[in-house]
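Trainee: what follows is a predicted protein model with its sequence.
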Amino acid sequence: MSNILIIAEHDCSTLNTSTAKSVSCASQIDGASIAVAVLADDASALAGQAAAIQGVDKVLAISHDANASPMAAIQAPQVAKLAEGHTHVFGPSTTFGKDLMPRVAALLGVNQVSDIMTVNGSHAFERPIYAGNAIVSVEAPTDAVVVATVRTASFKAAADGGTAEIVETTIDAEIPDHTRYVSLQSGQSDRPDLQTAGKVISGGRALASSENFDIIYTLADKMGAAVGASRAAVDAGYVPNEMQVGQTGKIIAPELYIAIGISGAIQHLTGIKDAGTIVAINKDEEAPIFEVADIGLVGDLFNIVPELTQALES
Amino acid sequence: MEKILVGLKRVVDYNVRVRVKGDGSGVETDGVKMSINPFDEIALEEALRIRERGEASEVIVLSIGTSESQQQLRTGLAMGADRAILVSTDDTLDPLTRARIFQSVIERESPDLVLLGKQAIDEDNNQTGQMLAAIWGRPQATFASEVTFDGNTAKVTREVDTGLETIEIDLPAVVTADLRLNEPRYVKLPDIMKAKKKPLDEIGLAELGVERPPAIKESAFAPPAVRQKGIMVDDVPGLVSALKDKGLL
C-alpha cells in the first residue's frame, strides 16, 4: 500500500497546475492513497482548491507565517516531519520543487528520483538524462521513503471534482532564520501562462531586438497563445528569463507550439518534445527545428508573421 | 571572506550528441570528449571574480571521481583556482554520497561559501547543492543569476519560473549557479603551464569514512521517442490550411 504525500505549489492565492499534475502521476501507482500538503501563511483557501482535485484523499493545511514565501530551507524541515508515515513524497519538477525536494530527501537520508516521466510500479520509474538524449529506468529502494519530482510536461492535470477531507495541521519543526525572502521581480502579463497554455508561440534570436518581439505578441494575442523564447533570445535581453523554453527553462507540452526564428538546439527541443503539434518558421531550411516540426515553413519571419496575423483576422 | 569551495564534475562535453549503447546498458562514453560540467565552470568563474574583487582570499576546486578528473581540476587551476582536491574513487556515486563527501571536506576546510553548478549535464539530477545545504544545516540559494555580499550575508537573485527572486542568506552557505550568472573566461596557455605547479591533493574516498545511502538502481537505458519529420508548406495560406486540417485553428 502506497501512502503518497504531495507538496503543493502555489503563489499564496492559487494552486499551481503542477500540483494536479503531480496528483495525476501519483494516481498511476496502484492502490495509492494521496495526501496533499499545503504550506502557506494562510493555507485555508488553498487547501480547499487542493481538496477539489480528483484522486486526492486528504489535504494537510499548514498555516504558518514563515511559509509566506516558498523557501526550501524553511519548508524542508517541515516536509521532512510530514513525511513520517508516508511511503512517497512527491513535488513538481518546477523551480519550486527542484529547490525544495532534494533538501527534503537529504534530511530523510535518501536520494531523489528526479523528473519522473513514466510510472512503472510503486518504486519503478523512467526519467530523462543527458538533456533528454536518453531515458533511464530506475528502481528506488523499497525499504526507504521515495522522494521524487514529477516532470509536469509528462502528465495531464488531474480534473476537479474531488471532495477530500481537509486537516488543519501544525508541525513541530525547527524553522531556521538564516534564509530571508527579499523580493520577486515578475513580468506581469495578461497572456495565458506559459506552462499551462494550450497554444504557445516562441521567438528566437532571429527576432533581433526586444521591439521586434511585438510581432510575436500580436500574433499570440490573436491566437490566445502564451509567449515563450529560446535561450538565445533571453541571453540577448529581448525578453525576461521566465519566458525561456528548454532544458534550463520551462519544459512544456502545449497542443500547438509555434517556433519562430528558432534554430532548434537540442536543449530547446528537450523543452517542447511533448507538444501536440510543432510548427517551425525559419529562413534557414537546414535548421534542426525542421527535423522535429509537424509543419514547416521556410521564409522571412518579418514577412510571414504579420501575414499570418492578418490571415487570422479575416 | 576567507575561502570559497567550488565543485567541478567531469562530464561528457556539452557539444557531444550522447547516444545510448545498442544493448541498453548505458550511454556511449568511449572516446568521447570530457569537460568540466558547464554550470560548474560558471560557479568557478563566479568564485574567481569574488576573489578578484577582494571579497575572498582563496578558491579551492574539488572533484570526485577517478584520476582522470585531475584534467578538469588542472583546467580549474588554469582558470585561476588556488589549489585543488580530488576525492578519488572508481565508483559511480549518487548525489547524496557526493553531498556527504562535500560535507566531510567542508569539515576539514571550513569554507565561507560553497559554489556549485545547479545541475550536472550527465545525470541532470539537480540535487547535490540542495542536499549539501541540508546536511550542513546552512542556507541554499539555487539557480543564482546574481550574487552580492555585505559582511556576513549574501543577496542572491534566483532564476525561478515566475521571474527573478531575491533572497538574503547568512554565510556560510551553498549557492548553485545558473546560466546567466556570468560568462566563464577562456584559459590562456601560460596559465595552463602555471597551473601544473599549483597543489593538487588526492584523498581516497575510504579515508573520509562517508556513509553510503541506498542507491537508486539504473536498470535500462533507451533512446527517447523520436518525433517524425512532418510536412513543409510553401506559404502562409498553406500553413493556415494545415493548421485548420489538424483542428488547431
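Mentor: Thanks, I have the structure now. Since the structure is predicted, the reported quantities are computational estimates derived from the model, not experimental observations. Numbers count the residues shown, from 1 in each chain, chains lettered A, B, ... in the order given.
Trainee: can you pull the contacts of the residue nearest to A:Gly271 when sequence neighbours are not counted?
Mentor: Spatial nearest neighbour of A:Gly271, chain neighbours left out: A:Gly246 (3.8 Å); criterion: Cβ to Cβ, 6 or more residues apart in numbering or on different chains. (Each C-beta comes from the backbone N, C-alpha and C, glycine too.) By Cβ atoms under 8 Å, 6 or more residues apart in numbering or on different chains, the contact set of A:Gly246 is A:Ser230, A:Arg231, A:Ala265, A:Gln267, A:His268, A:Leu269, A:Thr270, A:Gly271, A:Ile272.
Trainee: can you give me phi and psi for A:Gly246?
Mentor: phi 140, psi -170 (degrees, to the nearest 10).
Trainee: same check, this time on A:Thr118
Mentor: According to degrees, to the nearest 10, A:Thr118 has phi -140, psi 140.
Trainee: which one is it nearest to, not counting chain neighbours?
Mentor: In space, A:Thr118 is closest to A:Glu126, 3.8 Å off (Cβ to Cβ, 6+ apart).
Trainee: quick check: residues of the stretch 151-300 of chain A near chain B?
Mentor: Taking Cβ under 8 Å from any Cβ of the partner chain as the test, the list of the stretch 151-300 of chain A residues beside chain B reads A:176, A:178-187, A:195, A:199, A:231, A:234-235, A:240-242, A:248, A:250, A:255-256, A:266, A:273, A:277-279, A:281, A:290-299.
Trainee: quick revisit: SS state for the residue nearest to A:Thr118?
Mentor: strand (DSSP: H, G, I helix; E, B strand; the rest coil).
Trainee: in helices, which of the residues of the stretch 151-300 of chain A next to chain B appear?
Mentor: Under the assignment DSSP state H, these contribute A:Arg231, A:Val234, A:Asp235, A:Ile266, A:Phe290, A:Glu291, A:Val292 to helices.
Trainee: so which elements touch the strand of greatest length in chain B?
Mentor: Looking only at chain B and at elements set by DSSP state E, the strand with the highest residue count is strand B:140-150. Other helices and strands packing on strand B:140-150, by 3 or more Cβ pairs under 8 Å, 6 or more residues apart in numbering or on different chains; DSSP states H and E, are helix A:72-82, helix A:95-107, helix B:38-52, helix B:128-136, strand B:153-160, strand B:163-170, strand B:173-177.
Trainee: quick one: residues contacting the residue nearest to A:Ala259 when sequence neighbours are not counted.
Mentor: Of all residues not flanking A:Ala259 in the chain, A:Ala280 sits nearest, at 4.9 Å (Cβ to Cβ, 6+ apart). A:Ala280 makes contact with A:Ile258, A:Ala259, A:Ile262, A:Gly264, A:Ala287, A:Ile289, A:Phe290, A:Ala293, A:Ile295, A:Gly296, A:Leu297, according to Cβ under 8 Å, 6+ apart.
Trainee: now swap in A:Ile34 and tell me
Mentor: A:Ile4, A:Ile6, A:Val23, A:Ala26, A:Ser27, A:Gly55, A:Val56, A:Asp57, A:Lys58.
Trainee: 6 Å instead?
Mentor: A:Ile4, A:Ala26, A:Gly55, A:Val56, A:Asp57 (Cβ atoms under 6 Å, 6 or more residues apart in numbering or on different chains).
Trainee: next one: A:Gln267
Mentor: A:Ala131, A:Gly246, A:Gln247.
Trainee: ok, now how distant is the residue nearest the centre of chain A from chain B?
Mentor: Centroid-nearest residue in chain A: A:Thr94, 4.4 Å away (criterion: Cα atoms, centre = their mean). Remark: distance between A:Thr94 and chain B (Cβ to the nearest Cβ, to the nearest Å) = 5 Å.
Trainee: what do you get for A:Leu207?
Mentor: Counting by Cβ to the nearest Cβ, the gap from A:Leu207 to chain B is 18 Å.
Trainee: and the spatially most central residue of chain B, bridged to which residues?
Mentor: With distances taken as Cα atoms, centre = their mean, the residue of chain B nearest its centroid is B:Gly117 (3.0 Å). B:Gly117 forms beta bridges with B:Ala177, as assigned by DSSP bridges.
Trainee: quick one: it from A:Ala66, how far?
Mentor: Distance of B:Gly117 to A:Ala66, computed by Cβ to Cβ, to the nearest Å: 29 Å.
Trainee: ok, now A:Thr169?
Mentor: From A:Thr169 to A:Ala66 the distance is 15 Å (Cβ to Cβ).
Trainee: follow-up on the earlier one: A:His10: which of the helices and strands packed on strand B:140-150 is closest?
Mentor: helix A:95-107 (9.0 Å; Cβ to Cβ).
Trainee: residue ranges with poor pLDDT in the chain?
Mentor: Since no chain was named, I'll use chain A. In the predicted model of chain A, no residue satisfies pLDDT under 70.
Trainee: if you could check chain B rather than the one you did, that'd help
Mentor: For chain B, no range has pLDDT under 70.
Trainee: can you give me the helices in it?
Mentor: Going by DSSP H, chain B shows helices at B:38-52, B:70-79, B:95-109, B:128-136, B:189-195, B:205-208, B:236-245.
Trainee: I'd like those helices written out as CSV, with distance to chain A and mean neighbour count added.
Mentor: Formatted as CSV, these follow (distance: least, Cβ to the nearest Cβ, whole Å; neighbours: other Cβ atoms under 10 Å in any protein chain shown):
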stretch, distance to chain A, mean neighbour count
helix B:38-52, 9, 23
helix B:70-79, 18, 22
helix B:95-109, 5, 21
helix B:128-136, 4, 27
helix B:189-195, 26, 13
helix B:205-208, 17, 14
helix B:236-245, 5, 16
